[in-house]
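Student: Make a model of this:
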Amino acid sequence: MRSKLRRALSLFLAMAMAVSLLTLAGPAASAAESDGRTVLSFNNDWRFYPGDWPDAQDPALDDSQWLYVNTPHSTIQYTPETYYQEDLGIFWYRRHFTMDPSMEGQELLLTFEGAMQEATVWLNGEELGVHQGGYTQFAFDISDKVDFHGENVLAVRLDTRPNAAFAPGKVNPDFQYFGGLYRDVYLTVTDLVHITDPISSGTVAGGGVFLTSPAVSKESATVNAKTEVENSSGSDAELTLRTEIIDADGSSVVAAAEDTQTVASGAKYSFSQDLTVAQPRLWSTNTPELYT
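Tutor: Next comes the predicted model:
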């Protein structure tokens with residue numbers, strides 16, 4: 001029985017860990033417009049202040065004397081002597097940046113992969129929102145909030161004090177956790193017609209691409225790809241979505257599906273595509289190969 005369970009698990013992992021390679025384009029899209037999205041790292045050039053500072057979200061604040069840091073960053077640096085030192089309190093991060101004017105009119109999504117543990121975020125003095133919980137990523141749509149012709153100031157106030165309302169929630173947990181912007185921060189730039197982001201979509205399926213493997217064997221494997229697209233442009237768009245599964249060495253496409261759908265202005269649509277791979281190379285610890 002145990003061997004059957006292990007085999008079933010390996011069959012599922014073989015396809016569940018596959019990732020779709022997607023191309024989304026309108027009928028007249030150029031190669032540059034259809035190549036997906038641009039991701040800009042926001043990890044460098046932060047200013048950090050270890051404590052509270054009145055009105056630190058104000059873009060006009062002089063933060064030139066704050067500590068210069070890059071993320072991922074912890075609010076305290078532990079040593080063998082200070083391992084039990086608590087990093088509880090208020091901390092501030094600020095980042096100055098400019099944007100390429102050619103990106104104006106596109107979708108801009110600002111993502112924090114982790115902030116311990118209550119984060120309040122401002123852009124140019126306007127509050128974007130509050131995220132509670134140090135273990136989950138979060139994102140804000142800043143498409144209509146960025147100044148493309150001047151400097152922008154991003155400010156983050158972190159409260160690392162325990163709060164029973166969200167994880168980790170304990171004053172004295174049985175492990176040491178760190179405060180700070182301790183994972184990557186980045187800006188994703190997409191066309192107004194785009195595959196949605198799984199963090200900010202707000203849909204039941206989570207947005208983006210959702211993969212399942214309803215039938216897997218040594219002879220054949222079926223992957224179902226649900227891909228949510230959004231049309232934020234001012235007119236209806238006829239969209240063609242092509243999903244491909246590529247073998248482990250990247251040399252050939254082993255399965256593909258293509259569908260066309262008209263999506264109304266301001267609407268979202270979820271494509272559902274089944275792709276079948278003949279004689280799949282099933283994942284195991286001995287053959288840890290993955291499809292793309």
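Student: can you map out the helices along the stretch 1-150 of the chain?
Tutor: For the stretch 1-150 of the chain, helices defined by DSSP state H, counting those that start in this stretch occupy the ranges 2-16.
Student: What segments of it are strands?
Tutor: Assigned by DSSP state E, counting those that start in this stretch, the strands in the stretch 1-150 of the chain fall at 21-25, 38-41, 46-49, 67-69, 90-97, 107-112, 118-123, 126-132, 138-141.
Student: what are the pairing partners of the fifth one, and which direction each?
Tutor: Partner strands and pairing direction for strand 90-97 (DSSP bridges) are strand 46-49 (antiparallel), strand 152-159 (antiparallel).
Student: same thing with the fourth one?
Tutor: Pairing partners of strand 67-69, with direction, according to DSSP bridges: strand 46-49 (antiparallel).
Student: Run through who's touching the strand it pairs with.
Tutor: Contacts with strand 46-49, where a contact means Cβ atoms under 8 Å, 6 or more residues apart in numbering, come from 56, 63, 66-71, 73, 91-95, 181. For the C-beta atoms, the positions are set from N, CA and C on the backbone; glycine is no exception.
Student: from memory residue 50 sits against residue 77, does it?
Tutor: No - taking Cβ atoms under 8 Å as the definition, residue 50 is not a contact partner of residue 77, at 10.8 Å.
Student: sorry, back to before: and which of the contacts of strand 46-49 is nearest residue 104?
Tutor: Ranked by distance to residue 104 (Cβ to Cβ), these are led by residue 95 at 19.8 Å.
Student: Quickly list what that closest one is bridged to.
Tutor: residue 46, residue 154.
Student: hang on, isn't it packed against residue 124?
Tutor: No - using Cβ under 8 Å, residue 95 is not in contact with residue 124, being 11.8 Å away.
Student: Name the residues contacting each of the two.
Tutor: With Cβ under 8 Å, 6+ apart, residue 95 and residue 124 have common neighbours residue 153.
Student: Can you lay out the strands paired with strand 90-97 as CSV showing distance to residue 105?
Tutor: Output for the strands paired with strand 90-97, formatted as CSV (distance: least, Cβ to Cβ, whole Å):
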stretch, distance to residue 105
strand 46-49, 28
strand 152-159, 16
